[in-house]
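In: Could you look at this predicted model? Sequence included:
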Number of protein chains: 2
Amino acid sequence: MRILVPFEATRPKTRLDGVLDTDERVAFAQAMLRDVLRACRDAGHDPEVVATAEVDVSAPVAVDDRPLSEAVNARLAATDDPLGIVVADLALLTPAAVDRLVAAAADADLAIAPGRGGGTNGLVVTHPDFRVDFHGVSFRDHLDAAEAVGADVTVVDSMRLSTDVDEPADLVEVLLHGEGEAAAWLRAAGFELDPVDGRVGINRRE
Amino acid sequence: MRILVPFEATRPKTRLDGVLDTDERVAFAQAMLRDVLRACRDAGHDPEVVATAEVDVSAPVAVDDRPLSEAVNARLAATDDPLGIVVADLALLTPAAVDRLVAAAADADLAIAPGRGGGTNGLVVTHPDFRVDFHGVSFRDHLDAAEAVGADVTVVDSMRLSTDVDEPADLVEVLLHGEGEAAAWLRAAGFELDPVDGRVGINRRE
């Protein structure tokens, strides 16, 4: 299946600015993107980056200067085939998680994987009239949009798909469960788990 | 299957003290506990509360004044049957998620579901020598403990199982995805989603 991976190439991961400088955020975001592309490919699919600017990865890249939801919707409108969409910051993504998302679409017009905090991290769209809008509480909005066009929905219950990496607390999950370049990048940059009371935090070695 | 649900009855959910007072934390924690018990029962299992003090729920309650890991381990040592353990604050738990945890143990000595931040939220133990320790980075520790006794492990990838409710940010997930008493309790207490930049927050009506 063709899977779009929208990527904000110009100013990625701004909410990590407390722990990573601008160049580091670009490098880390690209490492996560490569992990996502690899998971899709290893699950037997054809990932395709839709980016705001050129990025050097081993997958086709379409630079599209429209807002990313609009760029995705143009591609949804242009095909009759099922189309997958996964966000680029799923540093925990595995081929098995991609498989579950794709399999969930076998008997639904829309398979959707929520992200933490109300976002949408993965979709497989088979209904011809469904369109995305990644703004705001997009998971709820996508359920409403599916209902509006009469698309039946399967929700995919996956921690790996739900864990988009936006904030420093999310780096803990990458260190704990990541198996790819992003986790390796963090470790090489000096990040390590910092067990404290309650949940585990992160620490960066000087 | 018998499923233990350890419950801190005396001072539950202290990290919610910024948004809920003491009585509210008790009421909300018990609502979550009832949701967990119902999900287990609706999946066809026999939940059993192991609590630090009496609590009024429609399931057997064993009051055990030992630390909860120790109380669980005493029960693991006393049985040869598979034993499930799920934490009491999984306000998003569904019978389907319980099913996945139990099914994962069919071909492994240990099925384990990680929680956000390095915790362990669900286990099904079939290996006779495995013991739990919920302290610290318990997910990693449990993997190590399994390896030490030669138990093979299946990790269950579930957002619902990974979402234990400890901190105000977790309430967002309950409002978005909860289907039981805990979500209803929060709404009745005036909590609602508060879409802001980035992830969604919560707001409490005066």
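Out: Everything's here; your move. Because the structure is predicted, anything quoted here is derived from the model rather than measured.

In: Disregarding residues adjacent in the polypeptide, which is nearest to the most centrally placed residue in chain A?
Out: Nearest to the geometric centre of chain A sits residue A:87, at 2.1 Å (C-alpha atoms, centre = their mean). Computed as C-beta to C-beta, 6 or more residues apart in numbering or on different chains, the closest residue to residue A:87 that is not its neighbour in sequence is residue A:121, at 5.0 Å. No exception for glycine: its C-beta is placed from N, CA and C like everyone else's.

In: So that neighbour sits against residue A:113, correct?
Out: Yes - between residue A:121 and residue A:113 a contact is recorded at 5.1 Å, counting by C-beta atoms under 8 Å.

In: Find the residues that touch each one of the two.
Out: A:161-162 (C-beta atoms under 8 Å, 6 or more residues apart in numbering or on different chains).

In: Write out the residues of chain A neighbouring chain B.
Out: A:15, A:94, A:96-97, A:100, A:114, A:116-119, A:136-137, A:139-140, A:157-162, A:166-167, A:169, A:172-173, A:176-177, A:193, A:195, A:198-200 (C-beta under 8 Å from any C-beta of the partner chain).

In: on that earlier part again, does the residue nearest to residue A:87 sit in a helix, a strand or a coil?
Out: Three-state assignment for residue A:121 (DSSP: H, G, I helix; E, B strand; the rest coil): strand.

In: Now do the contacts for it.
Out: By C-beta under 8 Å, 6+ apart, the residues touching residue A:121 are A:86-87, A:90, A:113-115, A:161-164.

In: what number of residues lie near residue A:131?
Out: Applying other C-beta atoms under 10 Å in any protein chain shown, we find 17 residues neighbouring residue A:131.

In: any idea of the pLDDT on it?
Out: Looking at residue A:131, its pLDDT is 98.

In: follow-up on the earlier one: of the contacts of residue A:121, which belong to strands?
Out: The strands, defined by DSSP state E, take in A:86, A:113-114 from those.

In: Any regions of chain A where pLDDT drops low?
Out: A:197-199, A:206 (pLDDT under 70).

In: Would you mind measuring from residue A:203 to chain B?
Out: 13 Å (C-beta to the nearest C-beta, to the nearest Å).

In: unless I'm mixing things up, that residue is touching residue A:196, no?
Out: No - using C-beta under 8 Å, residue A:203 makes no contact with residue A:196, being 9.4 Å away.

In: How many residues are close by the closest residue to residue A:86 other than its chain neighbours?
Out: In this structure, residue A:86 finds its nearest non-sequential neighbour in residue A:122, 4.6 Å apart by C-beta to C-beta, 6+ apart. With neighbours defined by other C-beta under 10 Å, the count for residue A:122 comes to 29.

In: ok, now which ones touch residue A:122?
Out: Neighbours of residue A:122 in contact, by C-beta under 8 Å, 6+ apart: A:84-87, A:90, A:101, A:111-113, A:156, A:161.

In: closest to residue B:60 among the contacts of residue A:121?
Out: For the contacts of residue A:121, the closest approach to residue B:60 (C-beta to C-beta) belongs to residue A:162, at 32.9 Å.

In: That closest one: neighbouring residues, count only.
Out: Neighbours of residue A:162 using other C-beta under 10 Å come to 30.

In: So the residue nearest to residue A:86 versus chain B, what's the distance?
Out: In terms of C-beta to the nearest C-beta, residue A:122 sits 11 Å off from chain B.

In: Pull out the buried residues from stretch A:40-52.
Out: Neighbour-count burial for stretch A:40-52, counted by 16 or more other C-beta atoms under 10 Å in any protein chain shown, picks out A:40-41, A:43, A:45, A:47-52.

In: so which pair among these is furthest apart in space?
Out: The largest separation in the buried residues of stretch A:40-52, counting by C-beta to C-beta, is between A:43 and A:52 at 25.7 Å.

In: Other residues contacting the longest helix that chain A contains?
Out: Using DSSP state H to define each element, chain A has its longest helix at helix A:22-42. Defining contact as C-beta under 8 Å, 6+ apart, one finds that helix A:22-42 is touched by A:3, A:5, A:7-8, A:12-14, A:16-17, A:20, A:46-47, A:49, A:55-59, A:84, A:86-91, A:93-95, A:97-98, A:165, A:178, A:180-182, A:184-186, A:189.

In: who's in contact with the helix or strand following it?
Out: Proceeding N to C from helix A:22-42, the next assigned helix or strand is strand A:46-51, under DSSP states H and E. Residues lying outside strand A:46-51 but in contact with it, judged by C-beta under 8 Å, 6+ apart, are A:1-9, A:33, A:36-37, A:40-41, A:55, A:57, A:59-64, A:68, A:71-72, A:75, A:86, A:88.

In: So which residues of chain A form helices?
Out: A:22-42, A:68-77, A:95-104, A:138-148, A:159-162, A:168-177, A:181-188.

In: Comparing those helices, which comes out most buried?
Out: Of all those, helix A:159-162 has the most neighbours on average by mean count of other C-beta atoms under 10 Å in any protein chain shown, namely a mean of 27.

In: For burial, what's the neighbour tally of residue A:11?
Out: Around residue A:11 there are 13 residues (other C-beta under 10 Å).

In: Kindly report the same for the one 3 residues further on.
Out: Neighbourhood size, residue A:14 [other C-beta under 10 Å]: 11.

In: Could you find the closest non-adjacent residue to it?
Out: Nearest to residue A:14 is residue A:25, by C-beta to C-beta, 6+ apart, at 7.4 Å.

In: Same question for residue A:64.
Out: Here the residue nearest residue A:64, using C-beta to C-beta, 6+ apart, is residue A:71, at 3.9 Å.

In: Next: residue A:134.
Out: residue A:69 (5.0 Å).

In: one step back: can you flag the buried ones in the contacts of residue A:122?
Out: By neighbour count, with 16+ other C-beta under 10 Å, those hold A:84-87, A:90, A:101, A:111-113, A:156, A:161 as buried.

In: Correct me if wrong: residue A:75 contacts residue A:83.
Out: Yes - at 6.7 Å, residue A:75 counts as touching residue A:83 under the criterion of C-beta under 8 Å.

In: overlap in contacts of the two?
Out: With C-beta under 8 Å, 6+ apart, residue A:75 and residue A:83 have common neighbours residue A:4.

In: Can you name the residues that contact the residue nearest to residue A:64?
Out: A:6, A:50, A:62, A:64.

In: Repeat the analysis, applying 7 Å as the threshold.
Out: A:6, A:50, A:64 (C-beta atoms under 7 Å, 6 or more residues apart in numbering or on different chains).
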